[in-house]
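Student: here is my input; please provide its structure:
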Amino acid sequence: MQKKIAKKELKKIYILNDSHKWMEIKSDREVNHPYFSEYKLQKKRLERLIPLIKLKRNYMVVDYGCGTGLLADLIGKKVDSYVGVDFSKQFINVAKRRHKNSKNAEFHCQDIIKFSKSHIGKYDLAFTMDFSEHLYDDEFIMIYKAIKNTLKPNGKLIMHTPNGDYFLEILKKWGIVKRQTGHVGIRNVEEYMILLNKTGYQHIKISRLSHYISSLACFHFMSFVPFLGIFFKARLFIESKK
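Tutor: Numbers count the residues shown, from 1 in each chain. Next up, the predicted model:
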């Protein structure tokens, strides 16, 4: 069994250190920034998902675990309002600097549970992009119930996360490949179905996607091989309704 990481230790992982410097980049024009290639990779991670998401101009959306607001770059002009929530003060400060000229984006440094209590039934869409893998099951249920409470009737939850059945994640689980620090909840489709049902979400739809990193996406052709294919679908895109 994987040793449980205390919440305060998990928070230390997500400070704005050198590996997060790409988050300070404001646009594609900053090609000379030393972390520009990482910025482009992370933007690609989310950018390819946008065609899968039904957005409306009058939507009010909330992005939990927003980091420095990369998703706001991609959907901010497509919706009425965007709200980003993150417990990292450093991330939120950078997000506010990056989006200081935005007329419809705002950012809150707050615990999700506390935030949810003052924003009941407010949002059409809630995003948790590459967030749920940082939660143990008990935390998942508690936090995603709170997120559900912030949705309007028939509001939708959008998730993106690693697939626990992906061959590389299995190798990490076996200790053959080093697991990314903080990834304490890598799950497969069945495990997410169970948790989301427990949390009260309905009409759950889960799609398996290729990896966003090109060198790993090249293995995606194996996903069409009978019996073995399930192990070559790297990411999960999840939609569910309140």
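
Student: where does Ala217 fall, phi/psi-wise?
Tutor: phi -60, psi -20 (degrees, to the nearest 10).

Student: ok, now which ones touch it?
Tutor: With contact set as C-beta atoms under 8 Å, 6 or more residues apart in numbering, Ala217 has these partners: Ser210, His211, Ala234. C-beta: built from backbone N, CA, C; applies to glycine.

Student: quick one, helices of this protein?
Tutor: 7-13, 36-47, 70-75, 89-98, 112-117, 137-149, 167-173, 189-199, 214-217 (DSSP state H).

Student: just name the most buried of those.
Tutor: helix 70-75 (a mean of 21; mean count of other C-beta atoms under 10 Å).

Student: packing partners of that helix?
Tutor: Using 3 or more C-beta pairs under 8 Å, 6 or more residues apart in numbering; DSSP states H and E, the elements in contact with helix 70-75 are helix 36-47, strand 60-64, strand 81-86.

Student: not counting its neighbours along the chain, what's nearest the residue nearest the centre of the chain?
Tutor: Central residue check for the chain by C-alpha atoms, centre = their mean: the C-alpha nearest the mean position is that of Met129, 1.2 Å away. Closest residue to Met129 apart from its sequence neighbours, by C-beta to C-beta, 6 or more residues apart in numbering: His160 at 4.7 Å.

Student: with Asn104 instead?
Tutor: Ser81 (4.9 Å).

Student: burial of the one you found, as a residue count?
Tutor: A count of nearby residues for Ser81, using other C-beta atoms under 10 Å, gives 17.

Student: again with the one 5 residues further on
Tutor: Asp86 sits with 24 neighbouring residues when counted by other C-beta under 10 Å.

Student: Tyr82 bridge partners, please.
Tutor: For Tyr82, the residues forming beta bridges with it (DSSP bridges) are Val61, Ala105.

Student: reformat the helices and strands packed on helix 70-75 as TSV; add mean pLDDT and distance to Ser240.
Tutor: Formatted as TSV, these follow (pLDDT from 0 to 100; distance: least, C-beta to C-beta, whole Å):
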stretch	mean pLDDT	distance to Ser240
helix 36-47	79	19
strand 60-64	98	14
strand 81-86	97	19
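
Student: can you list the ones you listed in CSV and add distance to Asn154?
Tutor: Formatted as CSV, those follow (distance: least, C-beta to C-beta, whole Å):
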stretch, distance to Asn154
helix 36-47, 24
strand 60-64, 14
strand 81-86, 18
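
Student: thought Lys105 was touching Gly76?
Tutor: Heads up, residue 105 is Ala, not Lys. Yes - counting by C-beta atoms under 8 Å, Gly76 is a contact partner of Ala105 at 5.3 Å.

Student: please say which of those two ends up with more neighbours.
Tutor: More crowded of Ala105 and Gly76, by other C-beta under 10 Å: Ala105, with 25 against 18.

Student: list the contacts of that one.
Tutor: Per C-beta under 8 Å, 6+ apart, neighbours of Ala105: Gly69, Ala72, Gly76, Ser81, Tyr82, Val83, Gly84, His99.

Student: next one: Gly84
Tutor: Residues counted as contacts of Gly84 (C-beta under 8 Å, 6+ apart) are 62-63, 66-67, 69, 71-72, 92, 95, 105-108.

Student: how about it, nearest residue that isn't a chain neighbour?
Tutor: Of all residues not flanking Gly84 in the chain, Cys66 sits nearest, at 3.2 Å (C-beta to C-beta, 6+ apart).

Student: cool, thanks, signing off.
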